[in-house]
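Chemist: sequence and predicted structure below; questions after.
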Amino acid sequence: MEWISVKDKLPNKNELVLCRVNDFGNEFTCIGEHSVTGAFWFQFSYQSLDKVTHWMPLPKPPNE
């Protein structure tokens with residue numbers, strides 16, 4: 001899997017994805033979603049993230 005720029009494509013609404021964030025020079029990766037309104041990304045803390053630069057689908061869970 002490769003990172004997808006939010007300028008090129010957005011994930012489906014409410015799909016959990018890995019998000020790459022650049023917030024005032026602080027870069028980090030988190031799990032988030034593209035909301036129903038299409039305007040916000042959220043961490044599990046439900047903090048709005050408006051600096052998402054890239055995303056990728058979550059990997060499939062392991063088979064046990």
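Modeler: Noted; the coordinates are in hand.
Chemist: residue ranges with poor pLDDT in this protein?
Modeler: Residue ranges of the chain with pLDDT under 70: 37-50.
Chemist: that one: strands as residue ranges?
Modeler: Under the criterion DSSP state E, the chain contains strands at 4-5, 16-23, 26-33, 41-42, 48-49, 52-57.
Chemist: and of those strands, who's closest to N63?
Modeler: Closest to N63 of these, according to Cβ to Cβ: strand 52-57, at 17.5 Å. Heads up, the C-betas are built off the backbone N, CA and C, glycines and all.
Chemist: about what we covered before: pick the most buried one from the strands of the chain.
Modeler: Greatest average neighbour count among the strands of the chain goes to strand 41-42 (a mean of 19), per mean count of other Cβ atoms under 10 Å.
Chemist: adding distance to N63, write the strands of the chain out as JSON lines.
Modeler: Shown next, in JSON lines, are the strands of the chain (distance: least, Cβ to Cβ, whole Å):
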{"stretch": "strand 4-5", "distance to N63": "26"}
{"stretch": "strand 16-23", "distance to N63": "19"}
{"stretch": "strand 26-33", "distance to N63": "21"}
{"stretch": "strand 41-42", "distance to N63": "29"}
{"stretch": "strand 48-49", "distance to N63": "32"}
{"stretch": "strand 52-57", "distance to N63": "18"}
